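**Student:** pasted the sequence and its predicted model underneath.
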Amino acid sequence: MSQQSDPSSPDTISFEDFVKVKLRVGKVIEATSHPNADKLVLLKVDLGDEQRQICAGLCGYYETEDLVGRNLVMVTNLAPRMMRGVESQGMLLAAVSSDRSKVVLVSPEADIEPGSEVS
């Protein structure tokens, strides 16, 4: 049985707010361990028209070499953020189990060119 959100809940956003989030497919072209953090991975991601650096808390869930070549869904209009001295220029989407024992990256089910919009 599905449960509908209460439109007056502070967790509810408007459609106009949602469409502000820009989601695109990025292809991981490089993955390395973060030099100053045990749990972070540095990714170089191809978005078709540009490349970005992303910091993601994936250590313990993915091996860096297994990330290279994968298409992943990411937020591209999030303000850059410094993470342990390295700038992250976006955010990957992932599902996380309630006990945080499992992290599953969100990716398209079929191959598609880097930079494709997700809607």
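**Tutor:** Perfect, thanks for sending it. Numbers count the residues shown, from 1 in each chain.
**Student:** how far away is Leu92 from Ser14?
**Tutor:** Leu92 sits 25 Å away from Ser14, going by CB to CB, to the nearest Å. No exception for glycine: its C-beta is placed from N, CA and C like everyone else's.
**Student:** neighbour count for these two, which is higher?
**Tutor:** Per other CB atoms under 10 Å, whichever of Leu92 and Ser14 has more neighbours is Leu92, with 24 against 9.
**Student:** the more buried one touches Ala56, doesn't it?
**Tutor:** Yes - using CB atoms under 8 Å, Leu92 is in contact with Ala56, at 5.1 Å.
**Student:** now do the shared contacts for these two.
**Tutor:** Jointly contacting Leu92 and Ala56 under the rule CB atoms under 8 Å, 6 or more residues apart in numbering are Leu43.
**Student:** so what pLDDT did the nearest residue to Val96 once chain neighbours are set aside get?
**Tutor:** In this structure, Val96 finds its nearest non-sequential neighbour in Val103, 5.3 Å apart by CB to CB, 6 or more residues apart in numbering. pLDDT, Val103: 96.
**Student:** now Ser5
**Tutor:** You'll see Ser5 listed with a pLDDT of 58.
**Student:** note down every partner strand of the top strand by length along the chain and its orientation.
**Tutor:** Assignment by DSSP state E gives strand 23-33 as the longest strand of the chain. Next to strand 23-33 in the sheet, as set by DSSP bridges, lie strand 41-46 (antiparallel), strand 71-75 (antiparallel), strand 117-118 (antiparallel).
**Student:** among the ones you listed, which is nearest Ala110?
**Tutor:** Nearest of the strands paired with strand 23-33 to Ala110, taken as CB to CB: strand 71-75 at 9.1 Å.
**Student:** what lines up beside whatever helix or strand comes next after that closest one in the sheet?
**Tutor:** Downstream of strand 71-75, the next assigned helix or strand under DSSP states H and E is strand 81-83. Partner strands and pairing direction for strand 81-83 (DSSP bridges) are strand 86-88 (antiparallel).
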